[in-house]
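[1] Generate a structure from the sequence data that follows.
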Amino acid sequence: QVQLVASGGGLVQAGGSLRLSCAASGRTFSRYVMGWFRRAPGKERAFVAAISGSGGRTTYADSVKGRFTISRDNAKNTVYLQMNSLKPEDTAVYFCAARPLWSGAQQLDYDYWGQGTQVTVSS
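    Next up is the predicted model:
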């Protein structure tokens, strides 16, 4: 069982930056692929970024490539999402999630989900 707690959301102006964190419980954090997803108002939950257990592989949605960076600190059981050059269309509730396998990391079928943190980007 993995419990995830996301934090770091807030209100920021367009062009600004935020860093989201997701703290995980359990001793097997490094075995899990970690992902970030978001749900914008009126839209379905969508993939943002994922990172392998070792941190050696990452993948991003096209809409955030070059602006967002996912990273992890396995000693702290934490995954991060650094968001730069934020746009109003990045406004959403952001969720972190965990799954055991890298294959399909952009899909929604993660085993564990955090509670979400709100990010609002004003124009």
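
[2] What ranges does this structure have for its strands?
    Along the chain, the stretches classed as strands by DSSP state E are 4-7, 10-13, 18-24, 33-39, 45-51, 58-60, 68-73, 78-83, 92-99, 112-113, 117-122.

[3] average pLDDT for stretch 85-104?
    Averaged over stretch 85-104, pLDDT sits at 97.

[4] Please point out which parts of that stretch sit buried.
    L86, D90, T91, A92, V93, Y94, F95, C96, A97, A98, R99 (16 or more other CB atoms under 10 Å). Where C-beta positions appear, they are placed from N, C-alpha and C, glycine not excepted.

[5] Next, the distance between the ends of it.
    Distance across stretch 85-104, first residue to last, is 28 Å (CA to CA, to the nearest Å).

[6] again with stretch 76-87
    Stretch 76-87: ends 30 Å apart by CA to CA.

[7] Which positions in it come out as buried?
    Residues of stretch 76-87 classed as buried: N77, T78, V79, Y80, L81, M83, L86 (neighbour count, 16+ other CB under 10 Å).

[8] Contacts for it, please.
    12, 14-26, 29, 34, 36, 48-49, 51, 64, 67-73, 90, 94, 96, 119, 121 (CB atoms under 8 Å, 6 or more residues apart in numbering).

[9] again, but for stretch 113-123
    4-14, 16, 18, 20, 22, 38-39, 83, 86-97.

[10] Buried residues, it. List them.
    Counting neighbours by 16+ other CB under 10 Å, stretch 113-123 gives W113, G114, G116, T117, V119, V121 as buried.

[11] Show me just the buried residues among the contacts of stretch 76-87.
    Looks like the contacts of stretch 76-87 have 12, 18, 20-24, 29, 34, 36, 48-49, 51, 64, 68-70, 72, 90, 94, 96, 119, 121 buried, using 16+ other CB under 10 Å.
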